[in-house]
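S.K.: Below are the sequence and a predicted model; questions follow.
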Amino acid sequence: MNGLSVIIPSKTAANLAPCIKAVRDAGEKCRIIVVDDGVDFAGLRKAASNGLLDGVTIIAGQKPFVFSRNCNIGIREAGGDDVILLNDDALLTTRGGFSLLQKEADRHTEYGCIGATTNVTGQILQKPQGRGLRGVHHIAFMCVLIPRRTIDKIGMLDERYCLDYGVEDRDYCETINRAGLRVGVHDGCFVDHSRLVSSYRGRPMAPGRSDKNRALFLKKFAMSSYPWR
């Protein structure tokens with residue numbers, strides 16, 4: 001099994017401290033890579049409990065913030081590891097949840113990515129259903145495992161989705177599907193998405209406009225329309 005790195009793009013100490021703490025409280029020993037978008041680290045150290053930042057790798061992101069670009073910076077830093085892309089407002093509540101996602105991906109190599117379930121999301125496919133691993137067409141990347149074999153096969157996230165809001169995750173799911181792989185959700189891993197507000201996305205049920213990025217998506221995949229829910 002590969003190593004596992006959790007990549008957290010963030011600019012807000014008030015989010016980042018509880019986000020990291022939740023990963024550690026869940027018993028995960030994986031490497032944590034913070035892609036810094038302007039975090040007040042003096043404030044973070046004050047907000048964090050003793051030793052919380054031990055073993056955390058902090059690397060500079062690029063501005064203006066582009067989700068795919070800063071995630072790709074973290075993916076490169078992770079080397080040969082499988083990666084979890086984790087929003088800084090998503091709090092892992094399942095003990096060993098990330099390890100479970102990685103083990104399931106190793107068992108089911110037909111899956112190109114596997115997402116966690118959550119309570120607050122605009123993507124209803126990620127609501128808990130108590131079914132374990134299940135195939136879906138697409139997910140939002142608030143918390144998703146991407147095995148290194150997927151990255152080796154189809155590459156990293158498309159950084160052209162910088163025109164307005166989102167769609168990078170939908171693009172990656174479509175690319176996975178077209179590569180003959182599956183997109184999954186696992187009910188055995190849950191993240192709480194109700195307590196914090198993303199430092200770069202806004203509230204999950206009130207996202208920004210994505211008209212330009214959607215137009216780019218449709219053009220890239222030669223589609224006239226697409227079901228966005």
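M.R.: Happy to help now that I have it.

S.K.: Could you list every helix and strand in contact with the longest strand anywhere in the chain?
M.R.: Longest strand in the chain, counting residues (DSSP state E): strand 182-192. In terms of contacts (3 or more Cβ pairs under 8 Å, 6 or more residues apart in numbering; DSSP states H and E), strand 182-192 is packed against strand 91-92, helix 97-107, strand 111-118, strand 133-136, helix 168-178. Yep, even glycine has a C-beta here, placed from its N, CA and C like the rest.

S.K.: Partner strands of it, with direction?
M.R.: strand 91-92 (antiparallel), strand 111-118 (parallel), strand 133-136 (antiparallel) (DSSP bridges).

S.K.: all strands for this protein, in order.
M.R.: 4-10, 31-36, 56-60, 82-86, 91-92, 111-118, 133-136, 143-146, 182-192.

S.K.: just to revisit the earlier point, using TSV, lay out the strands paired with strand 182-192 together with mean pLDDT and distance to Ile8.
M.R.: TSV is the format used below for those (pLDDT from 0 to 100; distance: least, Cβ to Cβ, whole Å):
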stretch	mean pLDDT	distance to Ile8
strand 91-92	98	11
strand 111-118	98	14
strand 133-136	97	24
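
S.K.: one step back: so which of the helices and strands packed on strand 182-192 comes closest to Val39?
M.R.: Distance to Val39, taken as Cβ to Cβ, is lowest for strand 91-92 among the helices and strands packed on strand 182-192, at 17.2 Å.

S.K.: How far away from the center of its chain is the closest one?
M.R.: Put simply, strand 91-92 sits 12 Å off its chain's centre (Cα atoms, centre = their mean, to the nearest Å).
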